[in-house]
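> Quick check, what structure comes out for this input:
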Amino acid sequence: MKTIGIVDRFEENLVIVELFDDFYLFPRGLFPEDISEGDVVSIDIEIDKESTSDRKKKMEEKLKKLIEKNE
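A predicted model of the protein is given here:
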């Protein structure tokens, strides 16, 4: 899913982008060097299923260790 935002301003190493009538902060390094206030940007949002699966496995392992430790 592509989402469209507008660059509102810059603060230190952050880019403030207006999305869905709210403002979000992104690291400056995610954007091209020539980005300017007022630029329209598209943000591609997708689910990284492999990373999600890996994270779930790690969380399950941590929970298992905590349960074993408290038994």
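
> remind me, longest strand of this structure?
strand 2-11 (DSSP state E).

> tell me what that strand is packed against?
The helices and strands touching strand 2-11, judged by 3 or more C-beta pairs under 8 Å, 6 or more residues apart in numbering; DSSP states H and E, are strand 14-19, strand 22-27, strand 40-44. Just so you know, the C-beta spots here come from the backbone N, C-alpha and C atoms, and that holds for glycine as well.

> Just the pLDDT for the residue nearest in space to the middle of the chain.
Closest to where the C-alpha atoms of the chain average out (C-alpha atoms, centre = their mean) is F26, at 7.7 Å. As predicted, F26 sits at a pLDDT of 96.

> Just list the residues touching the closest residue to it other than its chain neighbours, thanks.
Of all residues not flanking F26 in the chain, V15 sits nearest, at 4.9 Å (C-beta to C-beta, 6 or more residues apart in numbering). Counting by C-beta atoms under 8 Å, 6 or more residues apart in numbering, V15 touches V7, L25, F26, P27, R28, L30, F31, I35.

> Just the buried subset of these, please.
Buried subset of the contacts of V15 (neighbour count, 16 or more other C-beta atoms under 10 Å): V7, F26.

> Relative to K64, which of the contacts of V15 is nearest.
Proximity of the contacts of V15 to K64 (C-beta to C-beta) peaks at P27, which lies at 34.0 Å.

> thought the closest one was touching E11?
No. P27 is beyond contact range of E11, at 11.4 Å (criterion: C-beta atoms under 8 Å).

> Next, the distance between the ends of stretch 14-23.
Using C-alpha to C-alpha, to the nearest Å, the span of stretch 14-23 from its first residue to its last is 12 Å.

> should've said stretch 25-44
Rule used - C-alpha to C-alpha; the end-to-end distance of stretch 25-44 is 16 Å.
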